[in-house]
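J.: turn this into a structure:
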Amino acid sequence: MQSSCDFSLFVRASTGSFIALLVYVDDIILAGNDLSEFARVKQFLDHAFQIKDLGVLRYFLGLEVARNSTGIHLCQRKYVLDILFDVGFSYCKPVQTPLVTKVSRDASPAFLSDGSSYRRLVGRLLYWTSTRPDISFAIQQLSQFLTCPTILHLQVAHRVLRYIKGTPDLGLFFPSATSPVLKVFSGSDRAGCPDTRRSVTGFYVFLGDSLIS
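T.: Residues are numbered from 1 along each chain as shown. The predicted model follows:
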């Protein structure tokens, strides 16, 4: 059955059996708790498409997967090191936070002559937030200036890169022993924008102890 929440996800569930199939172009993840059903689905896919079994999941679309008896760890170390190399920040000096507490407002902004590199950088960092919620707010701020970015905005983006340099291995951990209870937390900066006095709202969704959104 195709998921109504994600059209790339297909699931089959019955009493005591669950199989999930995630497809992105020609990359596939197959997971489940029923080995016999798992083998049947894999055989069907191989007969229909001649798939190549790469074994236990370790890497998928920039996500590095490490699994042991305590749980599953997701990170994007190689992905982010590639970003640092492409931008020329492989040997930059790390900083402790992705943003400074206060940023001086630019009364006479100097706009970038070509904002495409800024937009590409922010887009690549946005994908990294899937395993690094600690930079979500910084990327949300940078994403507001994609149309006409200034030199100041690029400097802020470069600070995020310096923060990344010091923390490339951090990610999300999904413990094997956790309760399937859904918990949602939200907050607001309460009219934090100095121009419009609008608020920025954020939320986190946990399944047990695992951050899922």
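J.: next, count neighbours for His153.
T.: If you count neighbours by other Cβ atoms under 10 Å, His153 ends up with 23. All C-beta spots, glycine's among them, are computed from the backbone N, C-alpha and C.
J.: now it. Nearest residue, chain neighbours left out?
T.: Nearest non-adjacent residue to His153, counting by Cβ to Cβ, 6 or more residues apart in numbering: Phe145, 4.8 Å away.
J.: against Gly166, how distant is the one you found?
T.: As judged by Cβ to Cβ, to the nearest Å, Phe145 and Gly166 stand 25 Å apart.
J.: next: Tyr127.
T.: Remark: distance between Tyr127 and Gly166 (Cβ to Cβ) = 20 Å.
J.: who has more neighbours, those two?
T.: Taking neighbours as other Cβ under 10 Å, Tyr127 and Gly166 compare with Tyr127 leading, 16 against 12.
J.: spatially, what comes nearest to the more buried one if we skip its sequence neighbours?
T.: Per Cβ to Cβ, 6+ apart, closest to Tyr127 is Gly62, 6.9 Å.
J.: I'd assumed Tyr79 was in contact with the one you found.
T.: Yes. Counting by Cβ atoms under 8 Å, Gly62 touches Tyr79, with 3.9 Å between them.
J.: break this structure into its domains for me.
T.: What the record gives for the chain is the domain set 1-55, 178-213, from automatic domain parsing.
J.: nearest residue to the middle of this structure?
T.: Closest residue to the average C-alpha location of the chain: Ser130 at 1.4 Å, with Cα atoms, centre = their mean.
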